[in-house]
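Student: The following comprises the amino acid sequence and a computationally predicted model.
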2 protein chains.
Amino acid sequence: MYTPPGALSAEAAEIVTIGDELNRGEIVDTNSSWIAERLTAIGLHVRWRSSTTDDVVDMEAALRQAAGRARVVVCSGGLGPTDDDRTVDVMAAILGVAAGVDEGHQARMVARFAERSFLGSPPKDGGAAGPVSMTPNNLRQVRVPSGAEVLPNRAGLAPGFRVALRDSALFFVPGVPREMKRIFEEEIAPRLRALCGDGRATAKRTWRVAGMGESHVDHQLRGLLDGIAGATLHFRIAYPENLVTVVVRRPAREEAEAVITALDSAVRARLGGAVYGIDDETLATVIGRRLRARGETVATAESCTGGLCGDLLTDVPGSSDYFLGGVIAYANPQKESLLGVRRETLERHGAVSEACVREMAEGVRRTVGATFGVAISGIAGPGGGSAEKPVGLVHFAVAGPSGIEARKLVWPSREGDPDGRRMVKQLAAFAALNLLEKLLAPPGSDRVSSTPREEGPRR
Amino acid sequence: MYTPPGALSAEAAEIVTIGDELNRGEIVDTNSSWIAERLTAIGLHVRWRSSTTDDVVDMEAALRQAAGRARVVVCSGGLGPTDDDRTVDVMAAILGVAAGVDEGHQARMVARFAERSFLGSPPKDGGAAGPVSMTPNNLRQVRVPSGAEVLPNRAGLAPGFRVALRDSALFFVPGVPREMKRIFEEEIAPRLRALCGDGRATAKRTWRVAGMGESHVDHQLRGLLDGIAGATLHFRIAYPENLVTVVVRRPAREEAEAVITALDSAVRARLGGAVYGIDDETLATVIGRRLRARGETVATAESCTGGLCGDLLTDVPGSSDYFLGGVIAYANPQKESLLGVRRETLERHGAVSEACVREMAEGVRRTVGATFGVAISGIAGPGGGSAEKPVGLVHFAVAGPSGIEARKLVWPSREGDPDGRRMVKQLAAFAALNLLEKLLAPPGSDRVSSTPREEGPRR
């Protein structure tokens, strides 16, 4: 197998994605990137990513080529119920076996159809909606090539599976990202770690960084891994955050994890208060943990974000313990009537102003009766900007028992960028939550000392 | 050249993207999707997308393979100034020619370096930033294989170029998306239209389907394209929606478009009221267009969705014309205090009930002063469910001038699914907007006649 220069011998891997819609450019092939990141973290060397349409000739050629050159192949797509989902048949043909129904997944599918009513099927005789009958095609998606190892899909109906061809292990997952990720994490990752178990183990940690651009993060971390064998540093933008990942490969897992643990304080020291969490933590989960521990609550007053801030907070299970509710005051009259912002403030300073978000934050805190009030008002664009208040200008504030903290940010407008409006909304909601998180951080922690007066874009 | 089954012969194309960072999954390969969409629109058939690292052996193999099977190859990446930018050298080696500096781009680069200060180089002695000297590597990026046709880069320093190998035309562009797109639009697209000018064109339409599972959509559309030459049917889940796409290839664009237009009514008839829009339309844009045309407004009252419904509505530029605001009433006391839901209703029916969402919808309509009030209350999980009111139960309602319409849906809980909570929120927000859209549909349209009493999941 191929050994990349300068690395511990890593097994070569290939990712194959299947789908007409990918090759017509209708959707971006995020599966391929996600799988690449995971395979790299496990210690594999992703040398090829290939993609074909649903055409069986091209699929077969791609899978044969992958099996001929890569030790590990992960193939995503073409496992659904429709006639253009052909991955099972193609792989079965390559192996010279039949395709057969997996009884476990069939039973789950039948149970699912029986238990639930289906959107669009009107109730009979005015009663409750009845069970929906399966179409003949539904059975297609619970098949695997005979003899394949079934990889249970706990997020959907179509099973993943694993087969062997030549010296390669081939793993197949549905193209639906949620299902693909679940099967990969639960079924494929452990098998790959065992497969690549050549006496090396991998430990990994991701530090989540808010409020610092990628090039600055890069600069601050320069030399971090000097003299540390088997360690690699990776950056990824998960807009509007930056993620810093260190992967350490050592003969024993404990040893690899000890290296990561030792690095933790170094990373935090170099990045100051910009690290708010690690691995799968989000700003909303960190905020929730802190509010729950303090027995405190929060409410939101949103203008340009339109509810996104509340949406992020309520993605956390159990958030009803500390998130009481909020107000979306999109139009100015609603800022007055629902939040008590003074007309004078709106007339003198405008809705996008420090004065306005201060009154919004205090207003929602008072109206809802929460410990903290978070307020956001900005110009998401593409219209509505001016020389004085350009598109991308956002004011935000947090009102609490000790007073009101206000900040602003300016996201540089990018003319004609169709994603600009969404990006301003995301940055604004994220910055406001970031400010709240800083105010909730335990005394003496890094987070408290770092409250820059003005926040800028994070790229 | 390859002829896809059932289609007029379209030239086969391949996209090759180069870069270690792509294959480690650090960035998503959006270039590949963008180029695929453009090639498809021009009338090419993108059969393969391939990606390798910066390794010269793998790059050479990928380019040779692409030239051996595709009539048109577009390759992105590896044209920069650093040592791991090797595309020019690899392609020159394949052709058996040297790599030479393109004098036009060299002159532009020299001029650019002379005229501008360079990021990160502080001015000397406090004066204006001086010219920055080029490093030896800068010249790398203005080279092309000798004899190649140079494709001017008006957005950056590295030229694109075109070469021929076997029967293939190979086009090379830098990996920086802005530069890649500029060269493609200005230089490559016109050449491809000339190259493929054999009298074929592609027309495409996507119908967006709400409230019908993929297998039922498939079932309803069976036989739709029987007897229509050059037409293909494709499905895609964009949770919680389903997208149906028809692609038609014909000698003339007008002819292809006429086929699509003729299919429109057939698709809508087969799918009843489930089609709410086409192509890039979203529920929020359709709602916005209708509200604006009617001079009416909307407000939201959200419980389990936490603000997502407002967030979706405000992703549309100009939504402040008709979205006034809303209330996130996450806790019960806020349902009373902010929306005027009666305590008796909450005590007797609970917050997740038809009675409650009716009062929420009417309450927010009255409080905010909007034409329509949209209300949602449900159990997003993973906790909080009961036998009578399971996780996934959502009530929603729209209050308007003609009264209140209420619905409910049940999304089957999937134990341990980390995305379950998010999916319930998405389905709930989407279903509520879907109901509003139906109520806003012009009289006599398909949409009005289809208001099923109970809504269920869409898969």
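Tutor: That came through fine.
Student: residues in the stretch 251-400 of chain A within reach of chain B, list them.
Tutor: A:300, A:302, A:304-311, A:313-315, A:317-320, A:323-331, A:333-334, A:337-338, A:367-369, A:380-384 (Cβ under 8 Å from any Cβ of the partner chain). Every residue, glycine included, has its C-beta placed from N, CA and C.
Student: Among the residues you listed, name the ones in helices.
Tutor: A:308-311, A:313, A:333-334, A:337-338, A:367-368 (DSSP state H).
Student: Just the buried ones from the residues you listed?
Tutor: Using 16 or more other Cβ atoms under 10 Å in any protein chain shown as the burial test, those include A:308-311, A:313, A:334, A:337-338, A:367-368 as buried.
Student: Just give me the closest of those to chain B.
Tutor: Checking those against chain B by Cβ to the nearest Cβ gives residue A:310 as the nearest, at 3.1 Å.
Student: Skipping adjacent residues, who's closest to that closest one in space?
Tutor: residue B:307 (3.1 Å; Cβ to Cβ, 6 or more residues apart in numbering or on different chains).
Student: Tell me which residues touch that neighbour, please.
Tutor: A:300, A:302, A:306-311, A:314, A:326, A:328, B:326, B:328 (Cβ atoms under 8 Å, 6 or more residues apart in numbering or on different chains).
Student: ok, 7 Å please
Tutor: A:307-311, A:326, A:328, B:328 (Cβ atoms under 7 Å, 6 or more residues apart in numbering or on different chains).
Student: Quick one: the residues you listed as TSV, columns for pLDDT and distance to residue A:182 too.
Tutor: Shown next, in TSV, are the contacts of residue B:307 (pLDDT from 0 to 100; distance: Cβ to Cβ, whole Å):
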residue	pLDDT	distance to residue A:182
A:307	98	28
A:308	98	26
A:309	98	28
A:310	98	27
A:311	98	23
A:326	98	32
A:328	98	33
B:328	98	30
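Student: C-terminal to the helix or strand where residue A:248 lies, which secondary structure element comes first?
Tutor: Counting by DSSP states H and E, the element that carries residue A:248 is strand A:241-250. Downstream of strand A:241-250, the first helix or strand assigned by DSSP H and E is helix A:253-271.
Student: and that following helix, C-alpha only, in CSV?
Tutor: The C-alpha coordinates for helix A:253-271 follow below in CSV (Å, rounded to 0.1, in the frame of the first residue of the first chain):
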residue,chain,number,x,y,z
ARG,A,253,-4.3,5.4,23.0
GLU,A,254,-3.4,6.6,26.5
GLU,A,255,-0.2,8.1,25.2
ALA,A,256,-2.0,9.8,22.3
GLU,A,257,-4.6,11.2,24.7
ALA,A,258,-2.0,12.4,27.2
VAL,A,259,-0.4,14.5,24.4
ILE,A,260,-3.8,16.0,23.6
THR,A,261,-4.5,16.8,27.2
ALA,A,262,-1.1,18.4,27.6
LEU,A,263,-1.8,20.6,24.5
ASP,A,264,-5.1,21.8,25.8
SER,A,265,-3.7,24.5,28.1
ALA,A,266,-1.2,25.6,25.4
VAL,A,267,-3.9,26.0,22.8
ARG,A,268,-6.1,28.0,25.2
ALA,A,269,-3.2,30.2,26.3
ARG,A,270,-2.3,31.0,22.7
LEU,A,271,-5.9,31.8,21.7
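Student: Contacts made by it with the rest, please.
Tutor: Contacts for helix A:253-271 (Cβ under 7 Å, 6+ apart): A:201-203, A:205, A:207, A:209, A:212, A:217, A:220-221, A:224, A:228, A:231, A:244, A:246, A:248-250, A:275, A:446.
Student: circling back to that earlier point, now, among the ones in helices among the residues of the stretch 251-400 of chain A next to chain B, which is nearest to residue B:78?
Tutor: residue A:308 (38.0 Å; Cβ to Cβ).
Student: That closest one touches residue A:429, doesn't it?
Tutor: Yes: proximity of residue A:308 to residue A:429 meets the contact threshold set by Cβ atoms under 7 Å, at 4.4 Å.
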